[in-house]
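Novice: I'd like to go over a predicted model; first the sequence, then the structure.
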Amino acid sequence: MNTIGRLLANAAALWVASYLLSGIQYTGSWPGLLGVALVFGVVNALIKPVLTVLSLPVQVLTLGLFTFVINALLLMLTSWLASSLGIAFMVDGFVAALLGALIVSLVSGLLSIFLVDD
C-alpha cells in the first residue's frame, strides 16, 4: 500500500471513530482530517516501535493485548499534538481512546485489504 493510500485509510478510520464514539470529536474539513492522519502516521512510525520494544515483557504476559493500550496512548498523543497544531481533534479520556484505537485498527485493516502494495 502506498503512502497516500495509508494516509487516506487512516483519515477514513479516524473519521469513523469520531463518528461512532462520543468521546472522540473532530470538527473540521477533510484537509484537517488528513492533517490528523498525517500526525497519527508519524506518531505510529516513530513512537510505536519504541513503546512496543520497551513493553515486550508485558506484551508477552498479556499475549499481545497490551498493544491495544499502546494504540490508545498513541491516539491520545495524536489528539494532543493535533490540538497543539490547531487541528480540532479531541479524545476525551482513556476509555474513548481504547475504543477509538480498536475502531481505527479495524477500519484501517479492512481498507488495507482493498489497497494494493506497490
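Specialist: Right, received. Where do you want to start?
Novice: Now the residue nearest to the spatial centre of the chain: which helix or strand?
Specialist: With the centre of the chain defined as its mean C-alpha position, the nearest residue by CA atoms, centre = their mean is Leu75, 5.0 Å away. Secondary structure assigned from DSSP states H and E places Leu75 in helix 66-84.
Novice: mean confidence score for that helix?
Specialist: In this model, helix 66-84 has a mean pLDDT of 96.
Novice: for it, packing partners?
Specialist: Other helices and strands packing on helix 66-84, by 3 or more CB pairs under 8 Å, 6 or more residues apart in numbering; DSSP states H and E, are helix 30-46, helix 48-54, helix 56-61, strand 89-91, helix 94-114. No exception for glycine: its C-beta is placed from N, CA and C like everyone else's.
Novice: residues touching Val43, list them.
Specialist: Neighbouring residues of Val43 by CB atoms under 8 Å, 6 or more residues apart in numbering: Leu74, Leu77, Thr78, Leu81.
Novice: List just the nearest of these to Met90.
Specialist: Using CB to CB, Thr78 is the member of those that lies nearest Met90, at 10.6 Å.
Novice: burial count for that closest one?
Specialist: By other CB atoms under 10 Å, 28 other residues sit near Thr78.
Novice: Let me know which of the helices and strands packed on helix 66-84 is the nearest to Asn10.
Specialist: helix 30-46 (3.9 Å).
Novice: The closest one to helix 94-114, inter-axis angle?
Specialist: 90 degrees (axes from the mean of the first three to the mean of the last three CA atoms, to 10 degrees).
Novice: which parts of helix 30-46 are buried?
Specialist: Gly32, Leu33, Leu34, Gly35, Val36, Ala37, Leu38, Val39, Phe40, Gly41, Val43, Asn44 (16 or more other CB atoms under 10 Å).
Novice: TSV for those residues, including distance to Ser18 and pLDDT?
Specialist: Shown next, in TSV, are those (distance: CB to CB, whole Å; pLDDT from 0 to 100):
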residue	distance to Ser18	pLDDT
Gly32	12	91
Leu33	9	94
Leu34	14	94
Gly35	14	94
Val36	9	95
Ala37	12	95
Leu38	16	95
Val39	14	96
Phe40	12	96
Gly41	17	94
Val43	17	96
Asn44	17	94
